[in-house]
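> Okay, here's the prediction I keep looking at, along with the sequence it came from:
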Amino acid sequence: MTVHRIAAVQMASGAQVAANLQEAQRLIQEAVENGAECVVLPENFAFMGANDHAKLAIQEPFGEGMIQQFLAQTAKQQGIWLIGGTIPLASGDPHRVRAACLAYNPEGICVARYDKIHLFDVDVGSHERYEESQTTDPGQEITVFDTPFGRIGLAICYDLRFPELFRCLLEQGAEIICVPSAFTDITGRAHWELLTRTRAVENLSYLIAADQGGYHVNGRKTYGDSLIVDPWGHVLNRLFQGLGVVTADIDTEHQAQLRQRFPTIHHRKILCQAR
Ligand SMILES: O=C(O)CNC(=O)[C@H](CS)NC(=O)CCC(=O)C(=O)O
């Protein structure tokens, strides 16, 4: 069997961890009822507080804490692969956390961890400035891991703007790239579909983007439009705003044939060395 159903969950997370986990639980259940074998949660699914520093209070050591327990238990109870958006993990620096994406197998074992590498330090408009690096310590390593339905690479939100990261994931054999996100409304309108479809096409990969999509207690609005893109750049399914689940069937046999028939990823030349 080369066809597998994957789901992206869209949320509008708030400042109550327990309430966010309950909502995530409900949406994961809905995805499983729709036949999903793998579910991807958005960035910051368990917590979006009143300001950037608030997450420091709910950070967990890697391998301990209620959010990681929730992810492990849910993966096991539902018998699914669960890609846990991002959660704040302790970094060793008391003022900064790692924005970590943890992946669990159907036994509830954490099999992969990716810490967001590119941090969102930008001016989005006159009233919207982000300085993620003030409260987040950047990751240093790319992450890929194997599942029965293909090799998964991980990237997070602002990482979408850095094609060299995705090339590294491709080099490491990625076939499906999961991108938990919390895109801003302004930049999402301008670039979200463009970036997600481009990263899929240029790497002939499936791309599963689970986004935050609603209003948050910090007064911000996130873009939403969680979507699943196939290696030809076709959007298989999407959800523009609000809470919900996006499912689609991925077919790695079809992908392997496409990569042979239309071999752009084999026609690459090394034109400059990475810094
Ligand atoms: O806004 C929040 O509170 C939650 N957002 C996040 O946690 C992160 C870091 S601030 N957002 C992004 O990376 C947006 C990237 C983006 O929007 C782009 O690249 O255009």
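Happy to help now that I have it.

> In contact with H267, which residues?
Residues near H267 by CB atoms under 8 Å, 6 or more residues apart in numbering: none. Backbone N, C-alpha and C define where each C-beta goes, glycine included.

> ditto for D146
I152.

> does the closest residue to the ligand within the chain sit in a helix or strand, and which one?
Closest residue of the chain to the ligand, CB to the nearest ligand atom: T187 (3.0 Å). Assigned by DSSP states H and E, T187 belongs to helix 185-187.

> thinking the residue of the chain closest to the ligand is in contact with D123, fair?
No - if you go by CB atoms under 8 Å, T187 and D123 don't touch, sitting 10.9 Å apart.

> Tell me which of those two has more neighbours.
With neighbours defined as other CB atoms under 10 Å, T187 and D123 compare such that T187 has more, 18 against 10.

> Flag the shaky bits of the stretch 51-200 of the chain, pLDDT-wise.
For the stretch 51-200 of the chain, no stretch has pLDDT under 70.

> Name the residues of it found near the ligand, please.
Applying CB under 6 Å from any ligand atom, one finds that the stretch 51-200 of the chain approaches the ligand through 120, 130, 132, 157-158, 161, 182-184, 187.

> Spatially nearest residue to G125 (excluding sequence neighbours)?
Excluding the flanking residues, the one nearest G125 by CB to CB, 6 or more residues apart in numbering is I186, at 5.8 Å.

> I meant to write P94 there.
Nearest one to P94, counting by CB to CB, 6+ apart, is L56 at 7.8 Å.

> My assumption is that that neighbour lies in a helix; please confirm.
Yes - read with DSSP: H, G, I helix; E, B strand; the rest coil, L56 is one of the residues of a helix.

> quick revisit: quick one: the residue of the chain closest to the ligand and N203, what's the gap?
With distances taken as CB to CB, to the nearest Å, T187 is found 21 Å from N203.

> With I6 instead?
17 Å.

> Please identify which of the two sits among more neighbours.
More crowded of I6 and N203, by other CB under 10 Å: I6, with 30 against 22.

> Find the helix or strand that the closest residue to F45 other than its chain neighbours is a member of.
Once flanking residues are discounted, F45 sits nearest to G85: 3.9 Å by CB to CB, 6+ apart. Using DSSP H and E, G85 maps to strand 81-90.

> Distance of L119 relative to R167?
L119 is 20 Å from R167, where distance means CB to CB.

> about what we covered before: after the strand holding G85, heading C-terminal, what element do we hit next?
Trace forward from strand 81-90 with DSSP H and E and the next one is strand 97-104.
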